[in-house]
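Visitor: Quick one, fold the following:
(one chain, ligands or ions: 1)
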Amino acid sequence: MKKIVFTGGGSAGHVTPNIAIITKLKLQGWDIQYIGSEQGIEKEIVGKEQIPFYPIASGKLRRYFDLKNIKDPFNVIRGVAQAYRLLRRIKPDLVFSKGGFVSVPVILASKLNRIPVIIHESDMTPGLANKISLPFASHICVTFPETLRHIKGNKGICTGLPIREDMLLGSAFRGLQQCDFHKQKPVLLIMGGSLGAQKINGVVRLALDELLQHYQIVHLCGKGHIDAAYSGRRGYKQFEYLDETLPDILAMTDLVVSRAGATSIFEFLALEKPMLLIPLTKQASRGDQILNAGSFESLGYAEILFEENLTVETLIQGIGQLYQNRELLISNIKAAKQRNGTDAIVELITQTAKRQ
Ligand SMILES: CC(=O)N[C@H]1[C@@H](OP(=O)(O)OP(=O)(O)OC[C@H]2O[C@@H](n3ccc(=O)[nH]c3=O)[C@H](O)[C@@H]2O)O[C@H](CO)[C@@H](O)[C@@H]1O
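Guide: A predicted model of the protein is given here:
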């Protein structure tokens, strides 16, 4: 039986694509195990898959000053030692990494154990963890064709993003029931990335009176960010984070307002949802979401509202414009040569493991 170890985490964008691949590999009888961080969201998500999950220490790779920057290199070293011992015991044929800072110690430990590594980059430009990991990987799979320009040598393969199959199988009827919504008004989904976005949450709530005249709103606001003051509002439903019921919520959704995390926007694309994207700013990130959103806008799949311009008025106006343009956006999306990357990655994993 072939054995594989997955890694990746911190936020859900570095985990959910792994789940799509894991689901397929399970059907093929692989022995699958997961190494993730002690605190990240991956523990919860992977916990539902009934595969062994091993938490290790990891350090965040920050580009800004923080006192934790002093402690974190020691955590990375501790993580490498833990991952080294785990991999030596598990002896997988391959390690697959979806990036995020926990993946770095796992990749370094794979190198020390001479285990082949494949990594996947969702965003337009490689993240810091993947940049560090790339020299140790045999291949890097990417989502945007443009990303291949940033990768030296011939390690890059454009596979597309692995999308969980059940995301495509939701029921609008169940979604409406869950939120106590009806069919008379369009449904707007607001999602601030897997961890929520406080700035977006605040502006949405200030715009609520106006928006609720035209739309029913389901708001994924992130752990700890539900505002009880708005809980009883008819036509407005807040959730911290959704798992099994997310496909139903997406099935009933007519329009999306979202951060521009790569995993989410490719899921919306697969589900043919017109999007208004509010990318994470350059101050708060390396600017990857701005590039993701720019690519989708230039292809006619999405409209952009930059956070610097985000106010109650621009949000209401942006959503109104999205509603007016929705048919054009949907027809552009339908014409997209969008691929679910799962099969191509499963094939690459199988071929690479065969050589072991
Ligand atoms: C702050 C930060 O570092 N963000 C990065 C992170 O975003 P983040 O982790 O937010 O990632 P994405 O938006 O790409 O993906 C979120 C994933 O969580 C799922 N989901 C979300 C909400 C929910 O209630 N239930 C649920 O299942 C979505 O369906 C999706 O599969 O990884 C992305 C992919 O590399 C990057 O583009 C983002 O820049």
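
Visitor: So which bits of the stretch 201-350 of the chain are right by the ligand?
Guide: Applying CB under 6 Å from any ligand atom, we find that the stretch 201-350 of the chain lies next to the ligand at 220, 241-242, 246, 259, 261-264, 267, 280, 285, 288-289. Every residue, glycine included, has its C-beta placed from N, CA and C.

Visitor: at 5 Å instead, please
Guide: Counting by CB under 5 Å from any ligand atom, the stretch 201-350 of the chain comes close to the ligand at 220, 241-242, 246, 261-264, 289.

Visitor: Using TSV, lay out those together with distance to Ile345, pLDDT and neighbour count.
Guide: As requested, those are exported to TSV (distance: CB to CB, whole Å; pLDDT from 0 to 100; neighbours: other CB atoms under 10 Å):
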residue	distance to Ile345	pLDDT	neighbour count
Leu220	27	97	24
Tyr241	25	94	18
Leu242	25	95	15
Leu246	22	97	21
Gly261	19	95	26
Ala262	15	95	24
Thr263	14	94	25
Ser264	19	95	25
Gln289	23	95	27
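
Visitor: Need phi/psi at Leu322.
Guide: phi -60, psi -40 (degrees, to the nearest 10).

Visitor: excluding its backbone neighbours, what's nearest it?
Guide: Once flanking residues are discounted, Leu322 sits nearest to Leu276: 4.7 Å by CB to CB, 6 or more residues apart in numbering.

Visitor: now swap in Lys183 and tell me
Guide: Leu176 (6.9 Å).

Visitor: ranges for the strands of the stretch 1-150 of the chain?
Guide: Along the stretch 1-150 of the chain, counting by DSSP state E, counting those that start in this stretch, strands occupy 3-7, 31-37, 53-56, 94-97, 117-121, 139-142.

Visitor: now those strands as JSON lines including mean neighbour count and distance to Asn325?
Guide: Below are these laid out as JSON lines (neighbours: other CB atoms under 10 Å; distance: least, CB to CB, whole Å):
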{"stretch": "strand 3-7", "mean neighbour count": "26", "distance to Asn325": "39"}
{"stretch": "strand 31-37", "mean neighbour count": "25", "distance to Asn325": "40"}
{"stretch": "strand 53-56", "mean neighbour count": "19", "distance to Asn325": "43"}
{"stretch": "strand 94-97", "mean neighbour count": "27", "distance to Asn325": "38"}
{"stretch": "strand 117-121", "mean neighbour count": "25", "distance to Asn325": "30"}
{"stretch": "strand 139-142", "mean neighbour count": "25", "distance to Asn325": "29"}
